[in-house]
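Asker: show me how the following folds:
(chains A, B, C and D)
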Protein chains: 2
Amino acid sequence: MVSTRWLDADERAAWLALAALATRLPATLDAQLQREHGLSLFEYLVLAVLSEQDTRSLQMSELAALTSSSLSRLSHTATRLERQGLLARARCAGRGRRTVATLTDQGWTVVVAAAPDHVAAVRAHLIDLLAPDDLAALRRIGDTVVTHLDEVGSAQSSTDGCSDAR
Amino acid sequence: MVSTRWLDADERAAWLALAALATRLPATLDAQLQREHGLSLFEYLVLAVLSEQDTRSLQMSELAALTSSSLSRLSHTATRLERQGLLARARCAGRGRRTVATLTDQGWTVVVAAAPDHVAAVRAHLIDLLAPDDLAALRRIGDTVVTHLDEVGSAQSSTDGCSDAR
DNA sequence: GCCTTTCAATTGAACTGTCAACAAATCTCC
DNA sequence: GGAGATTTGTTGACAGTTCAATTGAAAGGC
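Answerer: Coordinates of the predicted model:
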């Protein structure tokens, strides 16, 4: 390590702004979902992602990737959601340990009930505060960083198949 | 609630990009600090903020505000950091329950050792990936949202004083 | 056909964060 | 001047997350 390139005032401000944003916005949305629908933000996200699939199902590892979570975190959460009857898991016969998680009817009902409030909150606390340019910039920034982290983190192979085929 | 204004494709993409960013970047920085210096990102942040004060001290509630954390979270973390000898707390005589947290010499040593690696990681995974315009946008976005959340959350009064005066 | 490796997912223990209750000092105001 | 309100912090119980170890199924290799 050569002599450190410290952050200048603008860089510092940008990083601190992101750090605060990344802490406070999720906390706010989480509190709101918890209060109004008894779901954590992450639980909601899991159900929402499933609800967008036309089979309402996804393999655990795919679901983990789409929700930016570890498989372990997802597995524990799936156990809880399953216990509440919002989601069901089933082994994918003939495919190693692959498991698909499926939204139950009850789970569907819960997401559908929560979605409008959640979207309204995302609008109120983020989208509607930003100029179109900044919205575009936010997307660019997020995509750039996440793509970079994917590359750095390691190269992954993508497999596919099993259930899905309606 | 009238009929929901759903997010259009751009809005959705921006929100998802932020959600992924807010999950993955802190996780990456956290893992790095943990691995190389045995600190969580939040612990580092606490020590770093203290190290920037010329007295190396701050009142607990000020420290909580600067690190976007709850007082409770900070208190638990302070207990752990105190146990490790990196930080010391002392009641502020004559000022209610006010307490100041101070970085110890050992704490200073630890932050100073961790800072270059941490800054390098912030550069590598965020700052150096972004165009100057996007850096400015990120700052604007974060400030806008956090200011908004402060206003919505409640109006706060700012007090000051006690120790500080080296 | 076994033995090893790899992939996918789960589990349990340890740790961290949250929420609600409590504690301590000071304010306030009749 | 004292009862209650306010501010500031801590605590304990509980829920959620992470990390390392483990299981289960398949794929390779020889």
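Asker: nearest the geometric middle of chain A, what residue?
Answerer: A:Thr67 (3.0 Å; CA atoms, centre = their mean).
Asker: the helix or strand where A:Arg12 lies near chain B anywhere?
Answerer: A:Arg12 is part of helix A:9-37 when elements are defined by DSSP states H and E. Yes - applying CB under 8 Å from any CB of the partner chain, one finds helix A:9-37 in contact with chain B at A:10-11, A:13-26, A:28. C-betas here are computed from N, CA, C, even on glycine.
Asker: tell me where chain A has strands.
Answerer: Remark: strands assigned in chain A by DSSP state E are A:57-59, A:87-91, A:99-103.
Asker: so which of those gets nearest A:Pro132?
Answerer: Closest approach to A:Pro132 among the strands of chain A (CB to CB): strand A:57-59, 31.9 Å.
Asker: still on that earlier bit, which of the residues of helix A:9-37 next to chain B count as buried?
Answerer: Buried residues within those, counting neighbours by 16 or more other CB atoms under 10 Å in any protein chain shown: A:11, A:13-26, A:28.
Asker: go ahead and confirm A:Ala22 touches B:Leu29.
Answerer: No - counting by CB atoms under 8 Å, A:Ala22 does not reach B:Leu29; the two are 10.5 Å apart.
Asker: who are the packing partners of the helix holding A:Arg12?
Answerer: With contacts taken as 3 or more CB pairs under 8 Å, 6 or more residues apart in numbering or on different chains; DSSP states H and E, helix A:9-37 sits against helix A:41-52, helix A:105-125, helix B:9-37, helix B:132-153.
Asker: pLDDT score for the residue nearest to the residue nearest to the centre of chain A when sequence neighbours are not counted?
Answerer: Of all residues beyond its chain neighbours, the one nearest A:Thr67 is A:Leu45 (5.2 Å), with distances taken as CB to CB, 6 or more residues apart in numbering or on different chains. Per-residue confidence (pLDDT) for A:Leu45: 97.
Asker: do the same with A:Thr67
Answerer: Reported pLDDT for A:Thr67: 96.
Asker: contacting residues around it?
Answerer: Residues near A:Thr67 by CB atoms under 8 Å, 6 or more residues apart in numbering or on different chains: A:Phe42, A:Leu45, A:Val46, A:Val49, A:Leu74.
Asker: for DNA strand D, state which of these is nearest.
Answerer: A:Phe42 (4.6 Å; CB to the nearest atom of the strand).
Asker: and the closest residue to the closest one other than its chain neighbours, how many neighbours does it have?
Answerer: Nearest in space to A:Phe42, with sequence neighbours left out and distances taken as CB to CB, 6+ apart, is A:Thr77 at 6.4 Å. Neighbourhood size, A:Thr77 [other CB atoms under 10 Å in any protein chain shown]: 19.
Asker: could you check the pLDDT of A:Val145?
Answerer: At A:Val145, the pLDDT value in this model is 96.
Asker: isn't it right next to B:Leu126, touching?
Answerer: Yes - contact status for A:Val145 versus B:Leu126: in contact at 6.1 Å, counting by CB under 8 Å.
Asker: of those two, which one has the most company?
Answerer: Neighbours were counted for A:Val145 and for B:Leu126 using other CB under 10 Å; B:Leu126 has more, 24 against 21.
Asker: got phi/psi on that one?
Answerer: Main-chain dihedrals, B:Leu126, degrees, to the nearest 10: phi -140, psi -70.
Asker: quick one: whichever residue of chain A sits closest to DNA strand C from B:Trp108, how far?
Answerer: Nearest residue of chain A to DNA strand C (CB to the nearest atom of the strand) works out as A:Ser61 at 2.8 Å. To B:Trp108, A:Ser61 is 43 Å away according to CB to CB, to the nearest Å.
Asker: still on that earlier bit, residues in contact with the residue nearest to A:Phe42?
Answerer: By CB under 8 Å, 6+ apart, the contact set of A:Thr77 is A:Phe42, A:Glu43, A:Val46, A:Ser69.
Asker: do A:Ala14 as well
Answerer: Taking CB under 8 Å, 6+ apart, we find A:Ala14 in contact with B:Ile127, B:Leu130, B:Leu135, B:Ala136, B:Leu138, B:Arg139, B:Gly142.
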